[in-house]
Each structure stands twice: as C-alpha cells, then as structure tokens.
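**Student:** mind folding the following:
(2 chains)
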Protein chains: 2
Amino acid sequence: LPRSIDVGARGDSEAIPLFSIASERAALEHQRLLTKPPGSLGRLEEIAAWYAGAHGRFPPPRPDRSLIAIFAADHGVVIEGVSAYPSSLTAAMVGNVMAGGAAISCMARRLAVEIALVDVGVSGDLSAVPGQPIVPLVRAKVRAGTANLRREAAMTREQALSAMAVGAEAAERAVRAGHELLAIGEIGIGNTTAAAALICALTGAPPASVIGAGSGIPEPVRARKIRVVEGALLLHAPDPQDPLGMAAALGGLEISAMSGFLLAAARARKPIVLDGFVTSAAALLARAFDPSVARYCLTSHLSAERGAAIAIEALGSRALLDLDLRLGEGTGAILALDLVRTAVDAQLSMATFATAGIVGRSGTS
Amino acid sequence: LPRSIDVGARGDSEAIPLFSIASERAALEHQRLLTKPPGSLGRLEEIAAWYAGAHGRFPPPRPDRSLIAIFAADHGVVIEGVSAYPSSLTAAMVGNVMAGGAAISCMARRLAVEIALVDVGVSGDLSAVPGQPIVPLVRAKVRAGTANLRREAAMTREQALSAMAVGAEAAERAVRAGHELLAIGEIGIGNTTAAAALICALTGAPPASVIGAGSGIPEPVRARKIRVVEGALLLHAPDPQDPLGMAAALGGLEISAMSGFLLAAARARKPIVLDGFVTSAAALLARAFDPSVARYCLTSHLSAERGAAIAIEALGSRALLDLDLRLGEGTGAILALDLVRTAVDAQLSMATFATAGIVGRSGTS
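**Tutor:** Presented below is the predicted three-dimensional model:
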C-alpha cells in the first residue's frame, strides 16, 4: 500500500467509539424540562439528542462552527453516455464553487458554514479558476478521473485507499479547526452511476429500482445506464466482505473520499450530515468498513433520485427533509445542518419550567 | 361597528392585488439560467418563485428583514376540560417569549427574525413579565379571553372585527418597518379547539377527523373535545357566507387577529408563512373574506395535529416541512421562513451559465 494510514478498515487499532445512548437519553430527559409540551418539537428533539449522542456528552459543545466538505472527481463511465452533462462540467462546477457562484456557495455564505473543497480526482482543466478564490481548492488528486467501471476496475485498491485517506485527512483538519458539526457533499459528472452500482452491490437492490433521472436524463439514457450498471455488477462480481475491492471496482474517487471522511469524523465523535443519493452510497460503503459509523450520520433529505429511499432504508435512517432536491454539492446537507444547529441551540438555550417560574400541566390530562 | 377599519371584507374598496403569475414565471425563467440542472433545487425553486409572485416583481426585494407576528389570547372553552394545560399558561408563555426563553425566542434570535408579540386577548396576569423584556408586548387586548364557544358566541361581531383590526395594524407596522417576508404564530391554551371548530365550519369536515391530541391530551379528553366542537357547530350553525359571524361564534381572538394580519399583508403584496394547525384555520377564515389571500400564504409544515392535512388541502397548499412539530408559537413558520430566505438568496445570488463561462448540456440528453 502506498500510504499506511488508518482509514477505519476492520481490525484497525483505532476503532469508532460507540454512539452514546446515555448522552442521547440525557438530552431527551433535559428536553422534558423545557418550556413546551413534551415531544412538541418533534424531529428537532430527535436530532438535538442525536447530536449529543454523537458527541458523547450532555450538554454537548455548541455547533457554532460547522463545515461542509465537498469532494470532486470525474468518472470514466461517462463515455458510456450515461450522463446529461459532459465530464468537463465537473471542473467548471469546482471553479464555480471557488468563485462563490454555485448554489452551495450562496447557501454556505448565508448560513455561515465553512466549505472545504477537495479535488480528489477531477480530470478536467482547473487552471481557469480565479486567482483569488473565495473558497480555496485542496489539491489532493489521486488520479485524473476513474476508468470506465463498465469495462474495468474504476481504480486500483491502492488508489481507493488513497482516496479514503484524502477524505480522512479532510475530516481531521476540520476537527482540529474546531468544527463540531460536519456535512458532506460532492461534485462529479457521472457519479450517480457509480453510486447506483455501489448501492446495488451493498444492498442487493436491482439496478432498475435504484437508477432514476440523475441530473436530468431522458428514459432511453436511463435504460442505457441500467444496462451499464448491470454489466458492471456482472463483470466485477463485487464481494460484500471486501469493501475496498468494491470501492476500487465501482468507484468513484469522491465516494471513497467521503467514506474516509465519515469514518474519520466518527472516530473523532463528530456528527455528520449526509446529502443525497451519492453521499448515501458513501455512507453505505463506510458502514461496510465499520458498522459503528452509521449512527454518526444523519440523512438530510430524500433526494428526488429514484434509489434514494432504498439507500436511506438500508442505512436504517429517515430523511429529515423532502424538498425534491437533486442537485448534489451538499445543498440538502447544508439545509439540514442548519436545522440541527437550530435544534441544538433551542435545546441548550430554552428556559426550563423551573427557570421560567411556570407551573406545568393541569389535572385534566 | 366600533372602528371603521378596512379588514378586507368583501366589497371593500382596497382589494388584495392579484398574485402575479407573470413575476412567478419570470423567476422560474431566470432559474433556468442558473448554474445547476433545471429544476434540481426542487421546492426551493418553487418557493423562490412564489416569493417573487407575491411581491409582483422580478427580481423581488431581498428578504433581509423578516418578522414573525405572534398573537396571544385565551379561550373560554377551556372550562369544558379540552386542554392539557390551564389558561394561566397562556400568560406565562407570553412572559417567556418576552424574556427570551421560549422555543420561538431561541429560533428567532438564531435566525435573525424579528418578533412582534401581540396580546389580543390574554385573560391571565401579565404583570410578572420582566421590566426590560427582550421582546416588548403590543398591548391590544380586545377582551380578556373569549366566552365558552360551546355555550355562547365566543365574542361579538364587533369584537371579532376589532381583533382583525389589531392583526391588520400589526401587518401594516411590519410593512412600514420594511419587512419583506412575514410569518405568523400563536399562543393560546385551548386554541386548537376553536381552530378545529372553524376548520370544520369552513371545510365541512367532521370534528372527529380534525381533532387530534392537541398539545398532548389523552383519548378520553379528545373524545370530550370532539363532543364540544360537535355541540358548538349545532348551537351556532355557522354560515359559510358570513365569515365574521363564524369568527365571532367560534373564536378565538388570536385567530381573528391572524386573519386580519394575513389580509392586510396580502394587500401590501407581502408573502406570509403560516405555521401549523391554528394558523391554517386563520388562513381559511381570511380566505372566506377574500379568496385572493390564499396565494400569498405558504404552508410551512405538516403539523402533527390530526386535522392539519385537511386544513392544508382545503387551502390548496402543500406543506414544505414535515418535522412532527406541534408546539405552535410560529416554530414551524420560522424554520420555513428561513428556507424561503435561503431559496430567494440562491435565486438572486447564484452565477448564471453565462457569467460563470460554463457551457451547458452535452448532446447526450
């Protein structure tokens, strides 16, 4: 292996600590003291308690500083004609994030969330990006795009491991910088194909039930995309006991990087908000390395992509938002991240019945 | 009538302007130029376009300043044993908002939304509130709580009209202060009973399908609440052609005030975000005065209260969030209001394909 870095593979010395059910329960107990009917904040109470459980203490640290890590890479499978857009758009979208013009740029600015933008495998030309970018690019390219997963392994096992290390390092930087709540997003033309292949391999779901319109493909292209994934699954015969082999065979570089990010963040007890379909694939992959990672992840939204619900169910999760988003970039994750911050802030800042001097329920109930 | 104020009743000279479909369409057209696949921001694109349609121009003014108006009042029907909490809690909750300790207080602070807190009919003692409140109280009490709607009219027609005027004045103050996006919320022990009665009267739905657990009542109390509403509907035989009579018979003061707020805000072309079950009743009531108001209202969330979906469907609306909230205070509205601001900001701030120098779709689609 080119780099001997801990990416959370089974048997590693540094395991993910167990999610703290005791801290989650302490949060729920505290919520019963707050000036509101018990349970009346619904899922906000759940996610505030989840946040405490991930941190392993109550009260948890305030999530004042939050970061979304966006991993960008290209996909050789685009040559099969599975995407509505050309690979060159990946580099253009990265430049757009750097320049502050992307949807995620606007949202991050408005919601005061820091962006970490990582090139883990963009194949296109990144030289045209601005000299003084609003968001700097972390240059950690493992290779310039994957190979075509329909014909050969998307990358080598060593490259998949390196991509995971890139993600893990991004998480560790975020943790060192004091971010208490993290999120992930991705940019990569063609990555819904790799994500669909991984989700099929990891859940056993048939490609036709997982593959949808992606970023906006007509039905004949969708039919081709299904055949491509079916062919890839036959070619590689992925082994669920070998997650690294799966990541290498099916790609993509940003998906492996996100898996590494999730595993490293969970090792540091940081709660992480997932985005949509592609990030769900990364979470399923991370879980194949270490099942403990799952409880540290929150599913932000039910993507409009067809297989999103299958992936979320396989994660044992439940989407917080349902806004018909299918953009990626972390746009769903950042909205949910801000809801988590609001929920945690209410949990920590609301008056209790005692401090407000209010007598609670009457005898009628 | 005690006060000759325009509250939007049919035949008034100052009508609500028609919602601008042209401005809504201009927003949607502009969104197609932004650096993302068309439609990929899903409901965020819809609500940004709605915001422009309400304002009647594109680009619309930025919603930098936003306000949530919270109307508080008490309900004589509490004497029937329909609530989990005593009426005295209404005043305590108002004090809690003034002191900054309520859920809505924390959310408004975190999301930078101004609160206008209006006493339109609290019956309890408000003297214990802090001398230097974080949120001042607008003292506009029309009467100290309604009468018991099960036995008599909740208030007189004149009082209902006065309550509507209190709401209209709050909207006019907010508009004068430069708020471009508004929301409503309420505080009032017992108000789910009045809201349920109004929703039944306005939609024809049977009480058993509308009445749920409220702020947390057990099944026997729910059964009593259903009987109370059934009895009230028999007693008053509300006439759908006489919305003011309905408002007077069934209450409450805060519901009438919110109706007046919605009508006045719509007259000023300001988009308004509704909260949950009780605010839906106010919107249905406002629509009975002037159907044009409906398009200016956004349903923020699907309340956990049973009849919420019935009210939303009757409004021809669709909830943006589904977070199992059932607190009131405007807690759902403020979360959706912030989503609207994020959506509008993205719409106005994102790069276009032209400005970003990006070539769009390839020939594959």
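
**Student:** now the strands for the stretch 51-200 of chain A?
**Tutor:** For the stretch 51-200 of chain A, strands defined by DSSP state E, counting those that start in this stretch occupy the ranges A:66-73, A:114-121, A:137-139, A:181-187.

**Student:** nearest to chain B, out of those?
**Tutor:** strand A:181-187 (11.3 Å; Cβ to the nearest Cβ). The C-beta positions use only the backbone N, C-alpha and C, and glycine is treated the same way.

**Student:** pull out the buried positions in the closest one.
**Tutor:** Residues of strand A:181-187 classed as buried: A:Leu181, A:Leu182, A:Ala183, A:Ile184, A:Gly185, A:Glu186, A:Ile187 (neighbour count, 16 or more other Cβ atoms under 10 Å in any protein chain shown).

**Student:** does chain B have contacts with that strand?
**Tutor:** No. Residues of strand A:181-187 are not located near chain B by Cβ under 8 Å from any Cβ of the partner chain, the shortest gap being 11.3 Å.

**Student:** not counting residues beside it along the chain, what's closest to the residue in the stretch 201-350 of chain A positioned nearest to chain B?
**Tutor:** When Cβ to the nearest Cβ is the measure, the stretch 201-350 of chain A has its nearest residue to chain B at A:Asp324, with 2.9 Å between them. Nearest in space to A:Asp324, with sequence neighbours left out and distances taken as Cβ to Cβ, 6 or more residues apart in numbering or on different chains, is B:Gly42 at 2.9 Å.

**Student:** what parts of the stretch 51-200 of chain A come near chain B?
**Tutor:** By Cβ under 8 Å from any Cβ, the part of the stretch 51-200 of chain A that sits against chain B consists of A:81, A:83-86, A:88-89, A:92-93, A:95-96, A:99, A:101-103, A:105-107, A:109-111, A:128.

**Student:** of these, just the buried ones, PyMOL syntax please.
**Tutor:** PyMOL command restricting these to the buried ones, with burial defined by 16+ other Cβ under 10 Å:
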select buried, chain A and resi 81+83+84+85+86+88+89+92+93+95+96+99+101+102+103+105+106+107+109+110+111
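
**Student:** just the helices in chain A please.
**Tutor:** With DSSP state H applied, chain A shows helices at A:21-31, A:43-55, A:88-99, A:103-111, A:157-176, A:191-203, A:207-210, A:219-236, A:243-250, A:253-267, A:277-289, A:308-314, A:331-349, A:353-356, listed in chain order.

**Student:** and these, which is most packed in?
**Tutor:** Each of the helices of chain A was given a mean neighbour count from mean count of other Cβ atoms under 10 Å in any protein chain shown, and the largest, a mean of 33, is that of helix A:253-267.

**Student:** using PDB, write out every CA atom in it.
**Tutor:** Once non-C-alpha atoms are left out, helix A:253-267 reads as follows in PDB (Å, rounded to 0.1, in the frame of the first residue of the first chain):
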ATOM      1  CA  LEU A 253     -12.800   8.700  -6.100                       C
ATOM      2  CA  GLU A 254     -15.000  11.200  -4.300                       C
ATOM      3  CA  ILE A 255     -17.200   8.400  -3.000                       C
ATOM      4  CA  SER A 256     -14.200   6.700  -1.400                       C
ATOM      5  CA  ALA A 257     -13.000  10.000  -0.100                       C
ATOM      6  CA  MET A 258     -16.400  10.700   1.500                       C
ATOM      7  CA  SER A 259     -16.300   7.200   3.100                       C
ATOM      8  CA  GLY A 260     -12.900   8.000   4.600                       C
ATOM      9  CA  PHE A 261     -14.200  11.400   5.800                       C
ATOM     10  CA  LEU A 262     -17.200   9.700   7.500                       C
ATOM     11  CA  LEU A 263     -15.000   7.100   9.200                       C
ATOM     12  CA  ALA A 264     -12.500   9.600  10.500                       C
ATOM     13  CA  ALA A 265     -15.200  12.100  11.700                       C
ATOM     14  CA  ALA A 266     -17.000   9.300  13.600                       C
ATOM     15  CA  ARG A 267     -13.700   8.300  15.200                       C
END
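
**Student:** elements contacting it?
**Tutor:** For helix A:253-267, the helices and strands in contact under the criterion 3 or more Cβ pairs under 8 Å, 6 or more residues apart in numbering or on different chains; DSSP states H and E are strand A:66-73, strand A:114-121, helix A:157-176, strand A:181-187, helix A:191-203, helix A:243-250, strand A:272-274, helix A:277-289.

**Student:** ok and the last one relative to helix A:157-176, angle-wise?
**Tutor:** Note on geometry: by axes from the mean of the first three to the mean of the last three Cα atoms, to 10 degrees, helix A:277-289 and helix A:157-176 are set 100 degrees apart in direction.

**Student:** pull the CA atoms of helix A:277-289 into PDB?
**Tutor:** Output in PDB follows, covering the C-alpha atoms of helix A:277-289 (Å, rounded to 0.1, in the frame of the first residue of the first chain):
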ATOM      1  CA  PHE A 277     -28.100   9.800  -3.200                       C
ATOM      2  CA  VAL A 278     -24.300   9.800  -3.800                       C
ATOM      3  CA  THR A 279     -23.400  10.500  -0.200                       C
ATOM      4  CA  SER A 280     -25.700   7.700   0.900                       C
ATOM      5  CA  ALA A 281     -23.600   5.400  -1.200                       C
ATOM      6  CA  ALA A 282     -20.500   6.700   0.600                       C
ATOM      7  CA  ALA A 283     -22.200   6.100   3.900                       C
ATOM      8  CA  LEU A 284     -23.100   2.500   3.000                       C
ATOM      9  CA  LEU A 285     -19.600   1.900   1.900                       C
ATOM     10  CA  ALA A 286     -18.200   3.400   5.100                       C
ATOM     11  CA  ARG A 287     -20.600   1.100   7.100                       C
ATOM     12  CA  ALA A 288     -19.100  -1.900   5.200                       C
ATOM     13  CA  PHE A 289     -15.800  -0.900   6.800                       C
END
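
**Student:** pLDDT of it, averaged?
**Tutor:** Mean pLDDT, computed over helix A:277-289, is 97.

**Student:** repeat that for the third one.
**Tutor:** Per-residue pLDDT values across helix A:157-176 average out to 98.

**Student:** the worst-scoring helix or strand of chain A on mean pLDDT near chain B at all?
**Tutor:** Taking mean pLDDT, DSSP states H and E as the measure, chain A has helix A:353-356 as its least confident helix or strand, at a mean of 87. Yes. Between helix A:353-356 and chain B, judged by Cβ under 8 Å from any Cβ, the touching residues are A:Thr355, A:Ala356.
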